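J.: need the 3D shape of this:
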Amino acid sequence: MDKLADLRKSYERDELDEHQSASEPLLQFQQWLQQALEAKIPEPNAMTLATVGPDGRPSTRIVLIKDIDARGLVWYTNYDSRKGRELAEHPFAALQFHWVELERVVRIEGRVEKVEAAQSDAYFASRPLDSRLGAWASPQSQVISSRAVLVANAAKAAAQHGLNPSRPPHWGGYRLVPERWEFWQGRKSRLHDRLVYRMDNGQWVRERLAP
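T.: Predicted coordinates for the structure are as follows:
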């Protein structure tokens, strides 16, 4: 195994200048996301979600962004999962996208709210049947004795709900309403570009941070 301390990479692919970046963080994010999609990098919609438990300790996991607009970024999950319980206790979170091939990171912080039931219903109905049955079958984040439990639960859900299962009451969407964005572009000699957008009196203020 190579020594981890000896691993090095020089970031030289692109740059991020505050005078050429978008004045609104949503526009900048949409531009970068589109470029990630066009570059066909693996799962460009994957993002790390960080929450805080009642004990004050953070936890992270990967979720998939499913919608974004002026109100915020949306993902879907089990409300009774660990992240769901933590968000019920502390409705604030952080998201991070890492597009390795583009040498870019985007970090977003803000408060979290549940999306409207109608929006969750519409997205749930668009999912493949196996995924919809899986939402009924998996007691997410709970201890189970074996995989056989999931298989049995899925068979039971299929028998009970058939080909058109409704959305479980414990499953739906969350929206992170951004209060702070940071865009990171790797640069040579570790002199990376970092632009932060923070909300101040209802307006976005753009600033450069030292790497």
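J.: any idea whether the residue nearest to the spatial centre of the chain is helix, strand or coil?
T.: Nearest to the mean C-alpha position of the chain, by Cα atoms, centre = their mean, lies residue 47 at 3.7 Å. What DSSP: H, G, I helix; E, B strand; the rest coil gives for residue 47 is strand.
J.: now do the contacts for residue 114.
T.: Shown in contact with residue 114 (Cβ atoms under 8 Å, 6 or more residues apart in numbering): 79, 120, 172-175. Where you see a C-beta, it was placed from the backbone N, CA and C, and this is true even at glycine.
J.: and with 7 Å instead?
T.: 172-174 (Cβ atoms under 7 Å, 6 or more residues apart in numbering).
J.: give me phi/psi at residue 173?
T.: With angles defined as degrees, to the nearest 10, residue 173 sits at phi -100, psi 150.
J.: right, I mislabeled it, should have said residue 64
T.: According to degrees, to the nearest 10, residue 64 has phi -120, psi 130.
J.: show me what contacts it?
T.: Neighbours of residue 64 in contact, by Cβ under 7 Å, 6+ apart: 45-46, 75.
J.: now swap in residue 205 and tell me
T.: 197-198.
J.: quickly list what it is bridged to.
T.: residue 198 (DSSP bridges).
J.: so how far is residue 4 from it?
T.: 38 Å (Cβ to Cβ, to the nearest Å).
J.: and stretch 15-30, end to end?
T.: 17 Å (Cα to Cα, to the nearest Å).
J.: kindly apply the preceding question to stretch 194-206 instead.
T.: With Cα to Cα as the measure, stretch 194-206 spans 10 Å from end to end.
J.: so which elements touch the strand or helix carrying residue 130?
T.: Taking DSSP states H and E as the definition, residue 130 sits inside helix 129-137. Under the contact definition 3 or more Cβ pairs under 7 Å, 6 or more residues apart in numbering; DSSP states H and E, helix 129-137 sits against helix 147-161.
J.: about what we covered before: of the contacts of residue 64, which is the most crowded?
T.: Tallying neighbours with other Cβ atoms under 10 Å puts residue 75 at the head of the contacts of residue 64, with 20 neighbours.
J.: show me what contacts that residue?
T.: Contacts for residue 75 (Cβ under 7 Å, 6+ apart) come out as 63-66, 173-174.
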